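Visitor: can you look at this prediction? I've put the sequence above it.
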Amino acid sequence: MSRIGKKPIAIPAGVKVIQDGSSLRVEGPKGKLSAQVPSQVKVEISDKVVSVTRDSDGRNERSYHGLVRTLLGNMVTGVSTGFDKNLEIQGVGYRAELAGDVLKLVLGYSSPVEYQIPKGIQIKVDKQVNIAVSGIDKELVGRVAAEIRALRKPEPYKGKGIRYAGEYVRKKVGKSVGA
């Protein structure tokens, strides 16, 4: 039995989980999310707890069991509290600014890079070097943060670039002059 799949999901106050056939909708104070549930997995909703079960011990059923439970748990957390990813920009002259739904980044290229913010994501820029990505969909928040980081990954010699908050960048030794 899947250790993750066995754990029941507690439904916080203000959150509703609605099952309609194979689709599952989660509504809360921050928004609404929906997902399709594979036929090998059953979702049981009681008053304040949701549990995920499976019919057999086949390879696909076991895989889907933990996956569906995790996705459902992330949906419940997302609509109740949301998810955040923080990025830091390091480098002389590197900065970010918000212009409507476009994030403008000056990253040492010949022209500024513009990143179109997807729907459902909120971005805040603090002191031109701290970027906070937040939203209710964990996968989308992580993907947007990774796409922004990929615009200028931290380089190993001086550490310049965009990194996750708290990320350690291992630095290499540069050239040495003479022996």
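Guide: Nice, thanks for sending it over. Quantities reported herein were computed from a predicted structural model and do not represent experimental measurements.

Visitor: all contacts plus neighbour counts: C-alpha atoms, from now on.
Guide: Fine.

Visitor: report the separation between the most centrally placed residue in the chain and S176.
Guide: For the chain, G142 is the residue whose C-alpha lies nearest the centre (Cα atoms, centre = their mean; 2.8 Å). Computed as Cα to Cα, to the nearest Å, the G142 to S176 distance reads 39 Å.

Visitor: just for this structure, where's the confidence low?
Guide: Screening the chain residue by residue with the criterion pLDDT under 70, one finds the ranges 1-2, 178-179.

Visitor: tell me the domain ranges of it?
Guide: Per automatic domain parsing, the domain ranges recorded for the chain read 3-80, 83-164.

Visitor: and those as TSV, adding distance to K171?
Guide: Formatted as TSV, the entries for those read as follows, by distance: least, Cα to Cα, whole Å:
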stretch	distance to K171
domain 3-80	35
domain 83-164	5
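
Visitor: related to what we said a few turns ago, confirm the residue nearest to the centre of the chain sits in a helix?
Guide: Yes - in this structure, G142 lies within a helix as judged by DSSP: H, G, I helix; E, B strand; the rest coil.

Visitor: can I assume it is in contact with K85?
Guide: Yes - with contact taken as Cα atoms under 8 Å, G142 and K85 are classed as touching, separated by 7.0 Å.

Visitor: nearest to K172, of the domains of the chain?
Guide: Across those, K172 has its closest neighbour in domain 83-164 (5.3 Å, Cα to Cα).
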